[in-house]
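**Student:** Have a look at this fold, sequence not included:
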């Protein structure tokens, strides 16, 4: 991962670290690695979204572990220096700066720890469509609902989950959401 971190310009690496801190503080639902990756590539650096996601996971683990252990800036940098000799100097400087400025703001409650293994809902988009025909059937006229859920995984990486439902499936889906809403009303 250190060789990939070395590719990332310092300003983008700092933005990634700051977004991870914001995610750990529950200020943003996740880190949009796809958008950041595209901006890094536009600046002339070749990096895959998978590599950037791995770096985001490593940094998220680093910052959350440091918060859990209540590390000072110097303790974090010292531990980092002992563990990883190949980390680029600019990355260590950014980590030091971001942790010094924002690290103490990370709150690690028991609720946050238990939620750390579960993704977080970010957004839902839907559309109603009608399949008009296919290569095997000339006249389908088959309605469906297409849904895209945006979810942030525990590290903050946002992913889209897409699926389609028939109208009866959608009605069942809607009924279950109404049941959840009515249960939430009683809480």
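**Tutor:** Great, that's in hand. Only a predicted model underlies this, so the values are computations on that prediction, with no experimental measurement involved.

**Student:** what's around residue 23, how many residues?
**Tutor:** When neighbours are defined as other CB atoms under 10 Å, residue 23 has 25 of them. Using the backbone N, CA and C atoms, a C-beta is placed for each residue, glycine as well.

**Student:** That one: what's it in contact with?
**Tutor:** 29-31, 60, 152, 156 (CB atoms under 8 Å, 6 or more residues apart in numbering).

**Student:** Just checking: the least confident one among those is which?
**Tutor:** Minimum pLDDT for the contacts of residue 23 is recorded at residue 156 (68).

**Student:** on that earlier part again, now the buried members of the contacts of residue 23.
**Tutor:** 29-31, 60, 152, 156 (16 or more other CB atoms under 10 Å).

**Student:** Residues in a beta bridge with residue 159, which ones?
**Tutor:** Residue 159 has the following beta-bridge partners by DSSP bridges: residue 151.

**Student:** What's the separation between the residue lying closest to residue 3 once chain neighbours are set aside and residue 4?
**Tutor:** Among residues not flanking residue 3 along the chain, residue 86 sits closest, at 7.8 Å (CB to CB, 6 or more residues apart in numbering). From residue 86 across to residue 4, the span is 11 Å (CB to CB, to the nearest Å).

**Student:** any weak-confidence spans in the protein?
**Tutor:** For the chain, applying pLDDT under 70 flags the ranges 1, 82-85, 107-118, 154-156.

**Student:** at 50 what do you get?
**Tutor:** Along the chain, segments meeting pLDDT under 50 span 109-115.

**Student:** Show me the strands in it, by range?
**Tutor:** Counting by DSSP state E, one finds strands in the chain at the ranges 120-131, 142-152, 158-166.

**Student:** Okay, angle between the first one and strand 142-152 too, please.
**Tutor:** Between the direction of strand 120-131 and that of strand 142-152, the angle (axes from the mean of the first three to the mean of the last three CA atoms, to 10 degrees) works out to 160 degrees.

**Student:** what about residue 182, distance to residue 149?
**Tutor:** Counting by CB to CB, the gap from residue 182 to residue 149 is 22 Å.

**Student:** Okay, helices next: where are they in this protein?
**Tutor:** Using DSSP state H, the helices of the chain run over 2-7, 10-24, 33-42, 49-68, 73-83, 89-102, 110-115, 167-186.
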